[in-house]
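Colleague: Just the structure for this:
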Amino acid sequence: MNTSDVITIYLATRRAQGVQIRSGARALRQFARETGDRPLHEVTQQAVSAFLRGHGALSASWTTKFRLLAGLYRFALARGYVAVSPLPEIKPKLPPPQTPYVTA
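Modeller: Here you go, the predicted model:
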């Protein structure tokens, strides 16, 4: 089953549970495009890492994407679409949040 098919089923299931997942749906579809929309079990750790890293400097969006993919892969593992999750076990150290600059 292709990545986009699993994502469609996952999103339908989440929406049936009452979860609104608009921006997450967009990110998951982007994941399918960037990995070539191949069968989900063929997606490599390198492809997942490249998607999580994105373009430019490492940012907090890494965590958001990681959580989305973790949910997708938990769903896929429970239903037998994949045997193992290609998500990285070691999470990178993210830069500290920026301190807001406020003038008096």
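
Colleague: Quick check: Val82 touching Arg74?
Modeller: No. Val82 lies out of contact with Arg74 (C-beta atoms under 8 Å); the separation is 10.3 Å. For glycine as for every other residue, the C-beta is placed from the backbone atoms N, C-alpha and C.

Colleague: Show me the contact partners of whichever helix or strand Leu72 is part of.
Modeller: Following DSSP states H and E, one finds Leu72 within helix 61-79. Residues from elsewhere that reach helix 61-79, judged by C-beta atoms under 8 Å, 6 or more residues apart in numbering: 6-7, 10, 13-14, 24, 27-28, 31, 40, 48, 51-54, 82-87, 91-92, 94.

Colleague: buried residues in that helix?
Modeller: Trp62, Lys65, Phe66, Leu68, Leu69, Gly71, Leu72, Tyr73, Phe75, Ala76 (16 or more other C-beta atoms under 10 Å).

Colleague: Ramachandran angles for the closest residue to the fourth one other than its chain neighbours?
Modeller: Spelled out, it's Leu68. Of all residues not flanking Leu68 in the chain, Gly24 sits nearest, at 5.1 Å (C-beta to C-beta, 6 or more residues apart in numbering). The phi/psi pair for Gly24 (degrees, to the nearest 10) reads phi -60, psi -40.
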